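In: this one's sequence-less:
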């Protein structure tokens, strides 16, 4: 049998290969055995902060959510109470009702005028009949 020659270079390559393989084996085995490090601490975590405002002034009468709750666009977050706005709305509604009543009175006056016109036309015809 012919055996390959063992040279110093071949011995060195084989030795280095075994050392590298052993180190890799130790590294990966040790890495799997280590438990994750848990750090306990206290502090404040800050997220996205959103400022809200209303278009009109008023006193907050109802808040629907707590700090930290999530919401989407269009959600009602607070309700305002504004006595001045309520008074203006009531005043405007009273104005509308008054205008409706005035329209009814005007329509009645128109109907009365039409009746007076027909009566006057009848009087004219009677007067013409008496003359002729």
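Out: Ah, there it is. Since the structure is predicted, the reported quantities are computational estimates derived from the model, not experimental observations. Residues are numbered from 1 along each chain as shown.
In: Strands of this protein, residue ranges please.
Out: Secondary structure of the chain (DSSP state E): strands located at 59-63, 78-81.
In: need the contact list for the residue sitting nearest the centre point of the chain.
Out: In the chain, the residue lying closest to the centroid (CA atoms, centre = their mean) is residue 73, at 1.5 Å. Contacts of residue 73 were listed using CB atoms under 8 Å, 6 or more residues apart in numbering, and none were found. Every residue, glycine included, has its C-beta placed from N, CA and C.
In: Need phi/psi at it.
Out: The phi and psi torsions at residue 73 (degrees, to the nearest 10) take the values phi -60, psi 130.
In: Please apply the same query to residue 50.
Out: phi -120, psi 130.
In: same deal with residue 71?
Out: Per degrees, to the nearest 10, the backbone of residue 71 is at phi -150, psi 170.
In: Which of the helices and strands in this structure ranks last by mean pLDDT?
Out: In the chain, the helix or strand scored least confidently by mean pLDDT, DSSP states H and E is helix 8-33, which has a mean of 81.
In: So which bits of that one are buried?
Out: Judged by neighbour count (16 or more other CB atoms under 10 Å), helix 8-33 contains no buried residues.
In: Quick one: list the elements packing against it.
Out: Using 3 or more CB pairs under 8 Å, 6 or more residues apart in numbering; DSSP states H and E as the contact test, no helix or strand touches helix 8-33.
In: The chain should start at 45 in everything you say after this.
Out: Sure, I'll start numbering at 45, so the last one becomes helix 52-77.
In: about what we covered before: ok, and which of the strands of the chain has the densest surroundings?
Out: Mean neighbour counts were compared across the strands of the chain using mean count of other CB atoms under 10 Å; the top stretch is strand 122-125, at a mean of 12.
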